[in-house]
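A.B. asks: model the following, please.
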Amino acid sequence: MATPPPIPDTQRAWLVVRRGKPADALQLSETWPVPKQLGKGEVLVRVQAAAFNPVGHKIMGMLPSVLARRPHVAEHDFAGVVADANGTAFADGQAVYGWVPFVDYTKAPVHEQLAGNPPARKFHAFFEAVGTADPRLYLNCEAYLAPGGTFATVGPQPGVGGGIGGLVRTVLEAFRPRFLGGVDRSWVVTSVADRPDEFEALGKYIEDGKVKTVVDSVFAFEDVLKGYERVLTSRAAGKVVVKGSRCLSCRVRRRARESQLAHPCRGYQIMGLLPDFIAKRPHVAEHDFAGTVVDANRTRFESGQDVWGVIRQGALAQYARVPATHVALRPAQLAPTEAAGLGLAGYTAHEALFSVAQPERAHGCRVTSTGSGKREEFLAGLGVDRFVGYTEDAVHRQLERAPTTTTTKFRLMFDGVGDQIVPLFSHNEAYLAPGGMYVTVGAPRFTPRALWLLWAARMPRWLGGTGRVWKQLPVMAVQQQKLEKLAQYVADGTVKPVIDCVFGFTDVLKAYERTMPQAKL
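C.D. replies: This is a model prediction of the structure:
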């Protein structure tokens, strides 16, 4: 392996300096310090690609700077090369990374379509990955989620339909017993925690080809704002990648570094949730990244290795200090732009339902997904077995109308959006098999509808509950093994990474606009 370049003292980085939308919260710094002082278990990664999670820009507006510890580097997910393994299991130079039939939601509400046209075999899992607080999807899930199935959700996200009322209603429905009319399906909210084995498992999925990343578009490092604009349009058909600018010093060897805005995880929503003093703004934005290790810091990595991963905040910069447990080697066949988009979104899906969509096909499961009619052909190409357009009618009504038997009902329903659609769960006896589980990632903000969904999910059968399990995924710990397994899924074709578009580093706001739901699908 060639001698790694020296690590500079400063770097270019996009910082979250105040609470607000990306255009107001972000600031490009030309001299942000490189975090060379590593703690035990941390590695220094030369970032090659940093993913823009659509939830990233929402985080920018959540907390006051005093709590958010701003300024800080933006974003979370990444891929890159280990620059300092820091005595961990990594080595300097290693490439690492860290943190579906289809329903057309533009034709009618997803729960109405699923309830009205339930699958021949009900779902065993239902994953809502958008974060809407509409409780109907869960309240009606008995029509399309098999008994014992799980309705999983990422939880309500800021700026997504439903509001406080939907969240409260969903939560209430989730806890309402069956005898009181509650939904007899599990409801689970998923979140991310630091478990390196899960990151490594994710990487393995990519290597095996079970998980494939999709890139929508690529922008230059200077066009980070343009990348955010792309994200905010909600039209990105894959990952929006921000290609990094060249380093300020020729001493640092760099490939193009990308920052990616990924739908449906809405990182931008977090920007507006907390006041600055809680969110500790300014800070570097975003979470997902891909890059190169410049300081392995005695970890298992080596300087120069290509890696990817996820960081709590700080992906939108030239350098990121990342715990070694949040980093995984990037497979050679996986481009940095693709690896950068695997972080939070891929890890959440893997954690919630062992990647309910594409990876589940490798285990003999059939997958039904909801979405806009414009996405039907696209999702079919990714291997989705059945499509339910939520714009045609409510998903739970479509699922209820579809003829089902106990053996054809869903075993699991996964809400990866935090939609809080109460009817989808409360009606799930029609499509969720007995013993089925309803899993959800949960809502990023508290709403009345979320409480209603929780009530419906927890209601006992004798009070009218559905008799189905409802679970909300707990905060997940990132595990390196699962990151690598996810990468293996992509490598073997089970998961397909999709890139929507690529923006320059200075066009971050345009990338957020592409991700944010401002335009009609």
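
A.B. asks: can you pull up the most central residue in the chain?
C.D. replies: The chain has residue 345 as the residue nearest its centroid, 2.1 Å off, counting by C-alpha atoms, centre = their mean.

A.B. asks: which element is encountered next along the chain beyond the top strand by length along the chain?
C.D. replies: Taking DSSP state E as the criterion, the chain has its longest strand at strand 283-302. Per DSSP states H and E, the first helix or strand lying C-terminal to strand 283-302 is strand 306-310.

A.B. asks: tell me the angle of that next one relative to strand 283-302?
C.D. replies: Relative orientation of strand 306-310 and strand 283-302, computed by axes from the mean of the first three to the mean of the last three C-alpha atoms, to 10 degrees: 130 degrees.

A.B. asks: partners of strand 306-310, with directions?
C.D. replies: strand 72-84 (antiparallel), strand 283-302 (antiparallel), strand 327-329 (antiparallel) (DSSP bridges).

A.B. asks: name the helices or strands packed onto the helix or strand following the shortest one?
C.D. replies: Tracing the chain past strand 327-329, the next element assigned as helix or strand by DSSP H and E is helix 336-339. In this structure, helix 336-339 makes packing contacts with strand 42-51, strand 72-84, strand 211-220, strand 239-243, strand 258-262, strand 283-302, strand 306-310, strand 495-504, judged by 3 or more C-beta pairs under 8 Å, 6 or more residues apart in numbering; DSSP states H and E. C-betas here are computed from N, CA, C, even on glycine.

A.B. asks: returning to that earlier point: most packed of the strands paired with strand 306-310?
C.D. replies: strand 327-329 (a mean of 40; mean count of other C-beta atoms under 10 Å).

A.B. asks: show me the domain layout of this structure.
C.D. replies: Domain ranges of the chain: 12-99+196-346+480-515, 102-192+347-472, per automatic domain parsing.

A.B. asks: ranking these by mean pLDDT, which is last?
C.D. replies: Ranked by mean pLDDT, the domains of the chain bottom out at domain 102-192+347-472, which scores a mean of 73.

A.B. asks: what sits against residue 508?
C.D. replies: For residue 508, the contact set (C-beta atoms under 8 Å, 6 or more residues apart in numbering) comprises 14, 22, 26, 52, 74, 223-228, 242, 259, 285, 316.

A.B. asks: how many neighbours does the residue lying closest to it once chain neighbours are set aside have?
C.D. replies: Spatial nearest neighbour of residue 508, excluding adjacent residues (C-beta to C-beta, 6 or more residues apart in numbering): residue 224 at 2.1 Å. By other C-beta atoms under 10 Å, 37 other residues sit near residue 224.

A.B. asks: enumerate every residue touching residue 224.
C.D. replies: Taking C-beta under 8 Å, 6+ apart, one finds 14, 26, 28, 242, 259, 316, 503-511 in contact with residue 224.

A.B. asks: buried subset of those, written for ChimeraX?
C.D. replies: The buried subset of those, as determined by 16 or more other C-beta atoms under 10 Å, is captured in ChimeraX by this line:
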select :14,26,28,242,259,316,503,504,505,506,507,508,509,510,511
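
A.B. asks: from the contacts of residue 224, pick the one nearest residue 281.
C.D. replies: Using C-beta to C-beta, residue 26 comes nearest to residue 281 of the contacts of residue 224, at 10.4 Å.

A.B. asks: thinking the closest one is in contact with residue 17, fair?
C.D. replies: Yes. If you go by C-beta atoms under 8 Å, residue 26 and residue 17 touch, sitting 7.3 Å apart.

A.B. asks: distance of the closest residue to residue 279 other than its chain neighbours relative to residue 315?
C.D. replies: Spatial nearest neighbour of residue 279, excluding adjacent residues (C-beta to C-beta, 6+ apart): residue 68 at 1.8 Å. Counting by C-beta to C-beta, to the nearest Å, the separation of residue 68 from residue 315 is 16 Å.

A.B. asks: who touches residue 308 in this structure?
C.D. replies: Going by C-beta under 8 Å, 6+ apart, residue 308 touches 49, 77-80, 95-98, 203, 288-291, 327-328, 330, 334, 336, 339-340, 342-343, 483, 487.

A.B. asks: pull the number of nearby residues for the residue lying closest to it once chain neighbours are set aside.
C.D. replies: Ranked by C-beta to C-beta, 6+ apart and with sequence neighbours excluded, the top spatial neighbour of residue 308 is residue 97, at 1.2 Å. Residue 97 has 45 neighbours, counted by other C-beta under 10 Å.

A.B. asks: who's residue 97 bridged to?
C.D. replies: Per DSSP bridges, the residues bridged to residue 97 are residue 79, residue 328.

A.B. asks: so what's it up against?
C.D. replies: 77-80, 199, 203, 289-290, 307-309, 327-330, 334, 339-340, 342-343, 483, 487 are the contacts of residue 97 under C-beta under 8 Å, 6+ apart.

A.B. asks: what's the answer for residue 95, then?
C.D. replies: By C-beta under 8 Å, 6+ apart, the contact set of residue 95 is 79-81, 292, 305-308, 329-332.

A.B. asks: closest to residue 465 among the residues you listed?
C.D. replies: Nearest member of the contacts of residue 95 to residue 465, counting by C-beta to C-beta, is residue 308, at 42.3 Å.

A.B. asks: find the nearest non-adjacent residue to residue 146, please.
C.D. replies: Nearest to residue 146 is residue 433, by C-beta to C-beta, 6+ apart, at 1.9 Å.

A.B. asks: pretty sure the one you found contacts residue 148?
C.D. replies: Yes. Contact criterion C-beta under 8 Å: residue 433 and residue 148 qualify, at 5.8 Å.

A.B. asks: what about these two, which has more around it?
C.D. replies: Using other C-beta under 10 Å as the criterion, residue 433 and residue 148 rank with residue 433 on top: 30 against 22.
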